[in-house]
Each structure stands twice: as structure tokens, then as C-alpha cells.
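K.L.:
Have a look at this prediction, sequence included:
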Amino acid sequence: MTTATVTGKPDEPVVATRNYLTEEGVTLRSWLLTKDHKRIAILYTLSITFFFFVGGAAATLIRLNLVTPAGIFTPDIYNRLFTLHGIVMVWFFLIPSIPNTMGNFLIPLMIGAKDLAFPRLNLLSWYLYVGAGFLALFAILIGGVDTGWTFYTPFSSLYSNGYVVLALAAVFAIGFSSILTGLNFIVTTHRMRAPGMTWYRLPVFVWSNYATSVIMVLATPVLAITLMLVAVERLLRVGIFDPALGGDPLLFQHLFWFYSHPAVYIMILPGFGVISEIVPCFARKPLFGYKFVVWSSITIAIIGFFVWAHHMFVAGISLYAGLVFSLLSYVIAVPSAIKVFNWTATLHKGWISFDAPMLYALGFIGLFTIGGLTGLFVANLAFDVHVTDTYFVVAHFHYIMVGGMVSAYFGGLHYWWPKVTGRLYPEWWARIAALLIFFGFNLTFFPQFILGYLGMERRYYSYPPEFQAWNIFSSAGASVLAVGYALPFFYLGWSLFRGKRAGSNPWAATGLEWQTSSPPPAHNFDKTPTVTRPPYQYRPEPEPQDV
Amino acid sequence: MSDAPVIPQPEPQYETAEQQAETATFGMWVFLATEILFFGGMLLAYTWLRTTYPEGVAEAGRHTKIVIGSVNTLVLLTSSLTMAWAVHAAEHGRRKALTRLLVVTALLGLLFLGLKGYEYHKEWTEHLVPGLNFHEDSVHSQTIELFYFLYFLLTGIHGIHVTIGIGLIAVMAVRARHGAFSSRHYTPVEVTGLYWHFVDIVWIFLYPLIYLVGRSGP
């Protein structure tokens, strides 16, 4: 190790002499052809940030339209807006968000490896992402798609006048990006661990991404083939989903949700991983019930494959199928609840400090709990009949995906920012942003529970006048949320140049990623570390870690 | 025996060549898991079609070219044998045998594709290609069209896999000829073999589903 890396004192500014940002050159070419997992993580961060703002812009226009019952857009444009929002946010932001940025950056560091198992495949995965991104943007620019992100047949295959095939191709391509990432993570976790890094010494973040990868590898190919079938049906007017051609639209829904329900867990499990890193660090306590947290991730990944038809309770499946899927959907709430209880128990009698990552983590726990509990509501057959396709469902999954995953993403971004950039972010601004996001989020989405319960349908460009008050609350909240999401863009950008130098371990955190310098050298560790202790060996009072 | 002691340096992310070899093999297994699910979606669609319209599917199945299908099954199974043999030869560092067996495997793959192409041609002339020239006088014509839709999709995607496999095997054959492998380093051959056997197994599922089931009924 260089002298720079052995000083772990929190306040001591350390300038890493060699780091991945400059070591292999600073030319554009050196970045675009890099095989370094950390550089690829940066490439991913830049691309998904772009798509986050694209999807966010569409959301802004949707909320703007819903301020008045009459709206400002034509129904056709409105349909294209929410489709754009859904496709971009699901496939171009949420699914790659934590795995492809933080997972890429951190998994090799956390397990003491020099890189992922297949660096070239990793770069290929990013190029697939970018290619798919261009296709999607192209489809949007030439007129967009109006099917919703769910591409339900026969609308998508027969009636829609949007550029459905282009959008399908984009999602098809990004699916392979996701598969390659999942494959890489699984193989890396199995084969690249440092000596002494046993399975039960892995940080929960690695476990969560492992569980996520299993879903990516097993579910995504089904989506790919399903979308291909829709595209062929649309192009050749022959296919198995369109009743006019002898097909069955329910078959589409089964195949689609066989991917897309597990995909919901792709969009939350990595968030669980981030929270499981932040909470012990800022409560200065070991994670309560480590093995339970680990196995609940694996359980979610497995049971997640057997609950898909709860999206289809009113689509015409049999009552008995409905009962079974309802029961299984209740069952999957158990491992999720185990996690919440374990985080809470970790906080109990902890030495809690409220730095920005912790604010996001606490926000996550609260919002995810609301999202999870309302998930139980809609898992209930009778209640689901009442709220299917209403704003209740919209609010429910936004509490999980935005309140949960996006909070976790921002929490992780702040937590590992010093490691990634070597700079500290401005704490005061970060806390303000975290609070704005929390309050803005609740103001946006809580009214939607009420609207949905009262009967406001989702995906409609207009609504009866009596719903206007709640819609105004929601749109007002969305503007607060927009400010909250825009703020980090500025202060994090500022900190890149003016932020205080971070030491190798500003949070006095455990974990191998904090033992190397910030930013880490190109090959992560000068000497492969040997692990002798379980993770999260925190003591009550913050103290510099001895190396 | 022409066993040059070739062991290339492992790539920088690995500690040892053994770790790299194990990782590559494991990576292929995970990839094959993905592939199973990829075909799984289409097989579910097939299952749905057959349970919903049993008579139509049976009638469609009787239009399939069972002789070509059966010969192709034989060809592909033989190619799996030569592939397994090739891996065995690699294990023992028999360079010439390895090269020849890989070439034979690739040729058998090409023969499979050729026969498949001939079969497609016959189906085209019999107006069995959905969406392009389909015409069938039968009460089940719609089901037959759907059957052929899935047939072309399944065998088409399988054919793409065969083509990729032939390419990989050809590359391996050239590398083997130039002495890139030895009894201590033959992972690429092994990984290619895994992939080729998978392609073969997919066909073993497709063969009865396409060619045989329609013929069991009245």
C-alpha cells in the first residue's frame, strides 16, 4: 500500500497519488475503451443521470397536465408522455440504477478483487445500454409510443399508432445489457472473492446485488422473447397474442409479468443493500440479524418469480389462480418485513448521526414500509378489484420505486461519493436536499392513495372536477420533489472541483472499499487483502479504523 | 502427441490461470441458464397453443418434414459426439485429433443448417410460411398458421445459435491448428463444447414437439 492509503483518519486530507481517474490516461478514448469496472460505473452514472432527467421531465409534464381537470395536452400526447416516463424510468433508470453504477464500482472493491470477472463483457453491457438509449430516444423524437410501459396486446400489436417496434427493440437491447451485468456479478461473487472473504463475510450490498443478478439472468430473457413476439405480430400480422388472429392476450400478460414482477425486485433489492450498509455505519452498530437479512434477499429473489399473476386479478384468470397468487403475494411480504425489522433493531440503542446518507436511509425505511404495506392491500383479491388501475396502485409502486429505490440511490450516491471522487460533498446542502425529497415525495404521492381509493383511474389525461384539490396537492409536491432532485446535481458537481478532500475512510466505516485510497487506484488494491472478520464490526463511538 | 506447454498469462483481474479457467466455465453455465429461460418463453407459448387447439396442432404437426427432421437430429447428435471427443482430445493434448474433430463438428453443424434450409424451402413452396405466403385449406388453418409461426421462430432462433456455434468451433479449430491449446490449457474448447451441447439439447426438445406429437393421434 502507498502511504496515502494507510492513513485512515477521518479528517486528514489525503491526496491519492495514483487513482483510476487519471492512471490510465484522461483521453476520451481511454474512457470509452476502458475495462476498469470503476470507469464503466462512471460512464453508467452519467448515462443514467441523463435518462433520469428525461424521465423526470415527462413526469413534470404529466403532473402539469393534471393540475386542471381539462388538462393542457391532447389525450394522444398525454399517452405518449406517460409511456415515455414509464419506459425511461423503468428500463433506463431504475433497473440499472444501483447495480450498474454502485454495484459496478463497489462489488470488486467490497470482495477484494481487482475487477469484475469479465471486464470486456462489462463494457459491452454499457454499449448495449447506450445503443438501446439512442433507439429509445429516436423513437421518442420521431413521435413516441402510446402503449404504456406494459405494451399490452392487442393494443400494442394491432391498434397503436406509435413507434412500438422501435421501442420494443430498445427494451430488447437493454435487456441484454442487464443480463450481461447480472451474469458478471454472479460469476464475480462466486469466483473473485479475496482470501478469507467467505459468503457470510460478504457485505449485504454484495448479497443484494447477487440476488438481483439471479433475477436479471433468469427473468430478462423471457421479457426479450415476449417483446420479440409482439414485434413480429405487429410487423407480420401473425401472432399468438392477438385474439383476432387466434391468439390469447392473457398469454402476453403472463409472459410480460413473469419478467416484470421479478423486475420490481430488481428495482428494490439493490436499495436494500445500500440501506444495509448505511444504517450500521451511522448507527455505529453491527447490522442486526445479518444472516436473516441475507437470506431474506435470496428468498425474495426466489418467491418473486411466483407472484406475477397478482397483476392480473381482473384480467380473467381463474378464481383459484387468483387465490394462490394472492397468498404467495402475502408470503413475499415476510422477507421484506424481516429487513425492516432488522434495520430498526440496528437503530435501537445505536449512536445515530444524521448525515445525509442516513437521512436518505431513514426516509427509505419509512417510505418503503408504506409502499410495502399498501402492497398487502393490493395483494388482497377483493380490495384489488376496487383499486385496480387506479392511482392507488400508482402511489403504491411509486412509494417502493421512488420513495424506496431512488432514496436508496441518492443515499448510496452520497455515502460513496467520497470514495468515488475523493471529495466530500457539502453536508448542509445535502441534508436540505434529502429533506426536500422526503417531503416533496410524500406531498406528491400520498394524495394519490386517496385519489385512487376514491376512484381516479390511472393513465387518463382528464378527471372529474371533484378530484382537483388532491391533484393540485400532488402537482405542488412534484415541484418540491423536482427541486430536491435537481439540487444534488449542482452541489455534487460543485464538490467535484471545490469539495474538501476526503480521506480513504471519511465515515470510519468497515468494509474493504474503505481500506483503499479515495479515489482507488486502477487495480483497487496494491496487495490483495485478506479478510479475517465478519462485516459491520462497528463500535459505539466513531473512531478511526486501524489498518 | 504434440503437447506444447502453453499456458498464457491470466488476465490482470485473476490471480491464477486456474481461477481464470474456472471462471470462464462457470460464466458459460450462467449464460446457459439465461438461454434456457429464453427458449422457455417460446415453449410456454407452444404449450398454450397445443392445449388450446389440440386438433389444429396435430394437423399442423403432420405437415412437418419428419425425414429431414429425423436425419437432422442424427446429424446434430453425432456432432455432439465429435465435440465431446474433441474436448477429450484437448484434455490429452492431442493437437491433430483436436483440430480434425473440431472441423468435423463444424461440418456437421453446416450440414444441419443446409438440411434445415432445404426444409424451409419446401415449406415455402407448400405455402406454410405465416405472414408471407401462408395458405392452407383446413378448418384449422388459423391454428396451423400459429403453429408454423412458432415453428419458424423456434427453429430460426435455434438456427442462429447453431450458426454462432459453428463460428466459435471454427475459431477454435484454427487456434487448435496453431497450437494455442495444450493439456494444461484448453478452457476455450471446453466452454465452446458446453455451448454446443446446449444447442443440441434444445434440439432434442424441439424435435419431438415439432415432428412427433402430431403423428401420435388419429
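P.N.:
That came through, no problem.

K.L.:
low pLDDT regions in chain B?
P.N.:
Scanning chain B for pLDDT under 70 picks out B:1-7, B:217-218.

K.L.:
ok, how many other residues are close to the residue of it found nearest chain A?
P.N.:
Nearest residue of chain B to chain A, counting by CB to the nearest CB: B:Gly131, 3.1 Å away. Placement of C-beta: from N, CA and C, glycine included. When neighbours are counted by other CB atoms under 10 Å in any protein chain shown, B:Gly131 registers 17.

K.L.:
and it, helix, strand or coil?
P.N.:
Here B:Gly131 is coil, with the state taken from DSSP: H, G, I helix; E, B strand; the rest coil.

K.L.:
Identify the residue spatially nearest to it, adjacent ones excluded.
P.N.:
Among residues not flanking B:Gly131 along the chain, A:Leu236 sits closest, at 3.1 Å (CB to CB, 6 or more residues apart in numbering or on different chains).

K.L.:
I'd say that neighbour and B:Val129 touch.
P.N.:
No - shown here, A:Leu236 and B:Val129 do not form a contact pair, counting by CB atoms under 8 Å, at 9.7 Å.

K.L.:
Settle it for me: which of those two has more neighbours?
P.N.:
A count of neighbours by other CB under 10 Å puts B:Val129 above the other of A:Leu236 and B:Val129, at 20 against 15.

K.L.:
what's the nearest residue to the more buried one if we skip its chain neighbours?
P.N.:
Distances taken as CB to CB, 6+ apart put B:Glu123 closest to B:Val129, at 6.2 Å, once the chain neighbours are dropped.

K.L.:
That neighbour sits in which helix or strand?
P.N.:
helix B:95-125 (DSSP states H and E).

K.L.:
which helices and strands does that helix pack with?
P.N.:
helix B:66-91, helix B:141-177, helix B:187-207 (3 or more CB pairs under 8 Å, 6 or more residues apart in numbering or on different chains; DSSP states H and E).

K.L.:
Buried residues of it, list them for me.
P.N.:
By 16 or more other CB atoms under 10 Å in any protein chain shown, the buried positions in helix B:95-125 come out as B:95, B:97-113, B:115-116, B:119-120, B:123.

K.L.:
and what of stretch A:529-536?
P.N.:
A:529, A:531, A:535-536.

K.L.:
Next: stretch B:42-53.
P.N.:
B:42-46, B:48-50, B:52-53.

K.L.:
Dump the residues you listed to a markdown table, plus secondary structure and distance to chain A.
P.N.:
Below are these laid out as a markdown table (DSSP: H, G, I helix; E, B strand; the rest coil; distance: CB to the nearest CB, whole Å):
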| residue | secondary structure | distance to chain A |
| --- | --- | --- |
| B:Met42 | helix | 6 |
| B:Leu43 | helix | 10 |
| B:Leu44 | helix | 7 |
| B:Ala45 | helix | 5 |
| B:Tyr46 | helix | 9 |
| B:Trp48 | helix | 5 |
| B:Leu49 | helix | 7 |
| B:Arg50 | helix | 12 |
| B:Thr52 | helix | 7 |
| B:Tyr53 | coil | 8 |
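
K.L.:
for these, which one is nearest B:Lys65?
P.N.:
B:Tyr46 (18.2 Å; CB to CB).

K.L.:
how far away is that closest one from A:Ile240?
P.N.:
9 Å (CB to CB, to the nearest Å).

K.L.:
what about the nearest residue to B:Leu32 once chain neighbours are set aside, distance to A:Phe383?
P.N.:
Spatially, and ignoring its direct neighbours in sequence, B:Leu32 is nearest to B:Phe198 (5.0 Å; CB to CB, 6+ apart). In this structure, B:Phe198 and A:Phe383 are 45 Å apart, going by CB to CB.

K.L.:
neighbour count winner among those two?
P.N.:
Taking other CB under 10 Å, B:Phe198 and A:Phe383 do not tie; B:Phe198 has more neighbours (20 against 16).

K.L.:
B:Thr74: neighbour count?
P.N.:
Careful, residue B:74 is Leu; it's not Thr. By other CB under 10 Å, 11 other residues sit near B:Leu74.

K.L.:
likewise A:Thr27?
P.N.:
9.

K.L.:
swap in the one 10 residues further on?
P.N.:
Other residues lying near A:His37 total 26 when counted by other CB under 10 Å.

K.L.:
Which residues are in contact with it?
P.N.:
Residues near A:His37 by CB atoms under 8 Å, 6 or more residues apart in numbering or on different chains: A:104-105, A:107-108, A:115-116, A:119, A:122.

K.L.:
A:Ile95 is in contact with A:Ser178, correct?
P.N.:
Yes - applying CB under 8 Å, one finds A:Ser178 in contact with A:Ile95, separated by 6.1 Å.

K.L.:
For A:Pro203, give its distance to B:Leu212.
P.N.:
Separation of A:Pro203 from B:Leu212 (CB to CB): 51 Å.

K.L.:
out of the two, which sits in the more crowded spot?
P.N.:
More crowded of A:Pro203 and B:Leu212, by other CB under 10 Å: A:Pro203, with 27 against 14.

K.L.:
Angles on the backbone of the more buried one, please.
P.N.:
As for A:Pro203, its main-chain torsions (degrees, to the nearest 10) stand at phi -60, psi 150.

K.L.:
which one is residue 166 nearest to, not counting chain neighbours?
P.N.:
Assuming you mean chain A. Going by CB to CB, 6+ apart, A:Leu166 has A:Ala139 as its nearest residue, at 3.9 Å.

K.L.:
Actually, chain B is the one I wanted.
P.N.:
B:Ile166 sits nearest to B:Gly109 (CB to CB, 6+ apart), 4.2 Å away.

K.L.:
dump the residue contacts of the one you found.
P.N.:
Going by CB under 8 Å, 6+ apart, B:Gly109 touches B:76, B:79, B:162, B:165-166, B:169.

K.L.:
Identify the contacts common to A:Ser178 and A:Ile95.
P.N.:
By CB under 8 Å, 6+ apart, A:Ser178 and A:Ile95 have these common neighbours: A:Ile266.

K.L.:
Who has more neighbours out of the two?
P.N.:
Legend: neighbour count by other CB under 10 Å for A:Ser178 and A:Ile95, higher for A:Ser178 (29 against 26).

K.L.:
Give me the pLDDT for the more buried one.
P.N.:
As predicted, A:Ser178 sits at a pLDDT of 97.

K.L.:
just how off-centre is the helix or strand harbouring it within its chain?
P.N.:
Following DSSP H and E, one finds A:Ser178 within helix A:164-191. Counting by CA atoms, centre = their mean, to the nearest Å, helix A:164-191 is centred 15 Å from the centre of its parent chain.
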